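Asks: Kindly return the folded structure for what I paste below:
(one chain, ligands or ions: 1)
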Amino acid sequence: MASSIARIVCLILLFICCGHGQDFGYDGKSGPDFWGLNYRGCNGGKLQSPIDIQLNNVIRKEFPPLIFEHFDKPLETVRLENNGHTALLSIKIGNLPNIRGGPLNATYNFTQLHFHWGRNDDEGSENLINNQSFPLELHMVLFNTDYGNFSNALNHDDGLVVLSFLFHRTIKENPSYQKFESGLPAVENFNASVDIVGFVSLDNFTTTDRSEYVTYRGSLTTPPCSEVVTWIEFINTIPLSHDQIQEFRLLSGSDGKLNHNFRPVQAANDRSVYMNIPTANNSNKPTNSNQKSSSTYLKNNLVLLVPVIIFSQKYFNFAVN
Ligand SMILES: [Zn+2]
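Replies: Numbers count the residues shown, from 1 in each chain. This is a model prediction of the structure:
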């Protein structure tokens, strides 16, 4: 049942996301500056994503716990595909992960996850933190189950959630990405796909240290740029080696190498950006994770920063790096 739902959702997603053809890219006349010509939603909105998250401007708030269901279950079979814009992973066989709680007023079901990267390790993430870029950003897209499916959810302000994870470069390989990386060469070409059997859980693929996050109202970062996304950007970053990051840059779109696929930051305007205050009540870390290499890279950078934000307005211009 769950696998059937996952398949249907995937098909809907392919139609919605990729049915527009190869009419947008990241360079020249098909680049982000020109998306608005074909997609009005990408022009002039007040809630566009990504943004530069300025930690000195966040509103600290204690949210209820974020509840992650089936994130701890290894995924039986996933499908990895190159849709011309990114490497996209959907669940073919396995329990459908979902989330609720935190800043959310509904349950959101997993639809797909994908990545954004840059030409080198100094760029690649879409959202920035204190103007700092990261070499890779994972977006896990989930839809509001109140609206039945992804397609309907796209028509509502609270239709989608994107769980966003940033990466940092390490010397050591991240073993949780070995199986995923082994599939990347098979999808180097546009429209290629491969099934991967015996995949890790989403907990292992991301991080289980999820109590610290920033959340804001925004949009899809690709056309049609719909302003229907609640963003949840986690502070704890995922480690990945240079060689593992490099694998993404070998993909090709319909018109050549896809060596970068991040949209530049958009105006934050007067949006409220919230940061969760982790407490014993809302820090429900799973205990069954096998991930030993979960990063504290950004978190470590914030260890000094966060108390400063909490207790002292006068240090608000402090930067992460
Ligand atoms: Zn994305």
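Asks: Residue ranges in the chain under the pLDDT threshold?
Replies: 1-22, 284-321 (pLDDT under 70).
Asks: quick one: Gly198 and Lys179 touch, right?
Replies: Yes: contact criterion Cβ atoms under 8 Å: Gly198 and Lys179 qualify, at 7.3 Å. Heads up, the C-betas are built off the backbone N, CA and C, glycines and all.
Asks: More neighbours: those two, which one.
Replies: Per other Cβ atoms under 10 Å, whichever of Gly198 and Lys179 has more neighbours is Lys179, with 16 against 10.
Asks: Go ahead and confirm Gln48 touches Ala268.
Replies: No: using Cβ under 8 Å, Gln48 is not in contact with Ala268; the gap is 9.2 Å.
Asks: and these two? which has more neighbours close in?
Replies: Gln48 (23 against 20).
Asks: got the contact list for that one?
Replies: Residues near Gln48 by Cβ atoms under 8 Å, 6 or more residues apart in numbering: 42, 218-219, 225, 227, 266-267.
Asks: same deal with Glu188?
Replies: Each residue near Glu188 by Cβ under 8 Å, 6+ apart is listed here: 82, 250-252.
Asks: Repeat that for Asp121.
Replies: Per Cβ under 8 Å, 6+ apart, neighbours of Asp121: 135, 169, 242, 245.
Asks: And those residues, which of them are buried?
Replies: In the contacts of Asp121, burial by neighbour count holds for 135, 169, 245, counting by 16 or more other Cβ atoms under 10 Å.
Asks: I'd assumed Leu138 was in contact with the last one.
Replies: No: the criterion here is Cβ under 8 Å, and Ile245 misses it with Leu138 at 11.9 Å.
Asks: Filter the buried ones among the contacts of Asp121 down to the ones in helices?
Replies: Ile245 (DSSP state H).
Asks: Closest to Asp52 out of the buried ones among the contacts of Asp121?
Replies: Pro135 (16.7 Å; Cβ to Cβ).
Asks: How much space separates that closest one from Gly41?
Replies: Counting by Cβ to Cβ, to the nearest Å, the gap from Pro135 to Gly41 is 28 Å.
Asks: Ok, Asn105 next?
Replies: Going from Asn105 to Gly41 by Cβ to Cβ gives 23 Å.
Asks: higher neighbour count, these two?
Replies: Neighbour comparison, Asn105 and Gly41: the larger count goes to Gly41, with 17 against 11 (by other Cβ under 10 Å).
Asks: Ramachandran angles for that one?
Replies: Dihedral pair for Gly41: phi -60, psi -20, per degrees, to the nearest 10.
Asks: Enumerate every residue touching it.
Replies: Taking Cβ under 8 Å, 6+ apart, we find Gly41 in contact with 219, 223-227.
Asks: Then Val228?
Replies: For Val228, the contact set (Cβ under 8 Å, 6+ apart) comprises 153-160, 219-220.
Asks: how about 10 Å then?
Replies: For Val228, the contact set (Cβ atoms under 10 Å, 6 or more residues apart in numbering) comprises 41, 47, 143-144, 153-161, 217-220.
Asks: And the closest residue in space to Thr222 that isn't next to it in sequence, how far from Asp158?
Replies: Closest residue to Thr222 apart from its sequence neighbours, by Cβ to Cβ, 6 or more residues apart in numbering: His85 at 6.3 Å. As judged by Cβ to Cβ, His85 and Asp158 stand 25 Å apart.
Asks: So for these two, which residue has more residues nearby?
Replies: Neighbour totals were compared for His85 and Asp158, and His85 leads with 22 against 17 (other Cβ under 10 Å).
Asks: Now for that one: which residues touch it?
Replies: 17-18, 22, 24-26, 114, 116, 190, 222-223, 251, 253-254, 258, 261.
Asks: swap in Glu76?
Replies: Residues counted as contacts of Glu76 (Cβ under 10 Å, 6+ apart) are 2-3, 91-95, 197-199.
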